[in-house]
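Enquirer: Model the structure of this input:
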Amino acid sequence: MKNKQAELVKNMSDKELSTHLYLSQLIFLAIAVGLGLFFFEDMEHFNRIWSWDVKDIFLVGTMVGIAVVGLDLLLLKYLPKHFMDDGGINERLFRTKSVAHIVFLAMLIAVVEELLFRGVVQTHFGIWVASLVFALLHIRYLHKWLLLVSVILLSFLLGYIYEVTGNIFVTIWAHFIIDVLLALKIRLDFVKSRDIEIDEGNEQKDE
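Expert: Residues are numbered from 1 along each chain as shown. Next up, the predicted model:
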C-alpha cells in the first residue's frame with residue numbers, strides 16, 4: 001500500500017496534486033456541512049462554537065502556532081532527513097505558489113479541517129475520536145512513525161485548546177499559523193536553492 005501510494009503521488013504533476021488538495025478540502029467541507037446539519041440541533045447550538053474573542057484568537061492561537069512551528073523546525077534541523085520526509089508532497093504543493101496563494105490555501109485548509117474535526121466531530125464525539133479520525137485521514141504518514149505521532153499530538157493539542165476555550169476561531173487561527181509559516185518556509189527554501197543554481201550556472205558560463 002505504501003509503495004502504491006508513493007508511486008501514485010510520484011506520477012502526479014504538481015498541478016494534479018493541487019487539484020487533489022482542493023478536491024479533498026471540498027469533500028471535507030461537504031462532510032462537515034452534512035454532519036453539522038444532522039448533529040447540531042439548531043443554528044443557536046452551532047453558533048456556540050464561534051466566539052470573536054480577540055485575545056484568545058490572536059494571542060493563544062498565535063503562540064500555539066509559533067510554538068508548533070518552532071518545534072517542527074528543530075526536528076527538521078537535528079533529526080535525520082528521512083524521519084520528517086513526507087515523500088515531498090508538501091514541497092511540491094507549495095514551492096512554486098505565490099505568497100497570496102499560500103495564504104489562501106492555508107486559511108482554506110484551517111477553516112475546513114477545524115470545522116470538521118473540532119467543530120463537528122469533537123463537539124459531538126469527543127477529542128479522542130476527532131484525533132483518531134484526523135490521524136487516519138493523514139494516511140501517507142502511517143509508515144512514518146514520527147510524522148504520525150506528530151500529527152496525533154498536534155490534533156490533541158488543537159483539541160485541548162478547543163476544549164479549554166470552546167472557540168473554534170482559536171484553533172482555526174493556530175492551524176492557519178502553522179500551515180502558512182511552514183508553507184512559506186518551503187517556498188523560501190526553494191527560491192533560495194533555485195537562485196543558488198542560477199548563480200552557479202552563471203559562474204560556470206563566465207569561466
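
Enquirer: which stretches of this structure aren't confidently modelled?
Expert: Counting by pLDDT under 70, the chain shows low-confidence ranges at 1-10, 139-142, 195-207.

Enquirer: can you tell me the helix or strand for the residue nearest the centre of it?
Expert: Closest residue to the average C-alpha location of the chain: residue 179 at 4.9 Å, with CA atoms, centre = their mean. Secondary structure here is read from DSSP states H and E; on that basis residue 179 sits in helix 168-206.

Enquirer: just the strands in this protein please.
Expert: For the chain, strands defined by DSSP state E do not occur.

Enquirer: ok, residue 191 to residue 97 distance?
Expert: Computed with CB to CB, to the nearest Å, the distance linking residue 191 and residue 97 is 11 Å. All C-beta atoms are positioned from the backbone trio N, CA, C, and that covers glycine.

Enquirer: Repeat that for residue 82.
Expert: Distance from residue 82 to residue 97, by CB to CB: 25 Å.

Enquirer: which of these two has more neighbours?
Expert: residue 97 (19 against 8; other CB atoms under 10 Å).

Enquirer: Could I get the contacting residues of the more buried one?
Expert: The neighbours of residue 97, taking CB atoms under 8 Å, 6 or more residues apart in numbering as the test, are 105, 183, 187.

Enquirer: Got phi/psi on it?
Expert: In this entry, residue 97 is assigned phi and psi values of phi -80, psi 150 (degrees, to the nearest 10).

Enquirer: For burial, what's the neighbour tally of residue 189?
Expert: The number of residues packed around residue 189, counting by other CB under 10 Å, is 12.

Enquirer: distance of the closest residue to it other than its chain neighbours from residue 174?
Expert: The shortest distance from residue 189 to any residue other than its chain neighbours is 7.9 Å, reached at residue 95 (CB to CB, 6 or more residues apart in numbering). Between residue 95 and residue 174 the distance, using CB to CB, works out to 24 Å.

Enquirer: Name the residue in the two with the higher neighbour count.
Expert: Looking at residue 95 and residue 174 with other CB under 10 Å, you find the greater number of neighbours at residue 174, namely 27 against 18.

Enquirer: surely that one meets residue 65?
Expert: Yes. Residue 174 is within contact range of residue 65, at 4.5 Å (criterion: CB atoms under 8 Å).

Enquirer: buried ones in stretch 103-113?
Expert: Applying a neighbour-count criterion of 16 or more other CB atoms under 10 Å, one finds 103, 105-113 buried in stretch 103-113.

Enquirer: before we move on, what about stretch 61-75?
Expert: Applying 16+ other CB under 10 Å to stretch 61-75 flags 61, 64-65, 68-69, 72 as buried.

Enquirer: show me the contacts for the closest residue to residue 123 other than its chain neighbours.
Expert: In space, not counting the residues next to it along the chain, residue 123 is nearest to residue 49; the distance is 6.2 Å by CB to CB, 6+ apart. If you count contacts by CB under 8 Å, 6+ apart, residue 49 has them with 118-119, 123, 166-168.

Enquirer: Quick check: residue 49 vs residue 64, distance?
Expert: Relative to residue 64, residue 49 is positioned 18 Å away (CB to CB).
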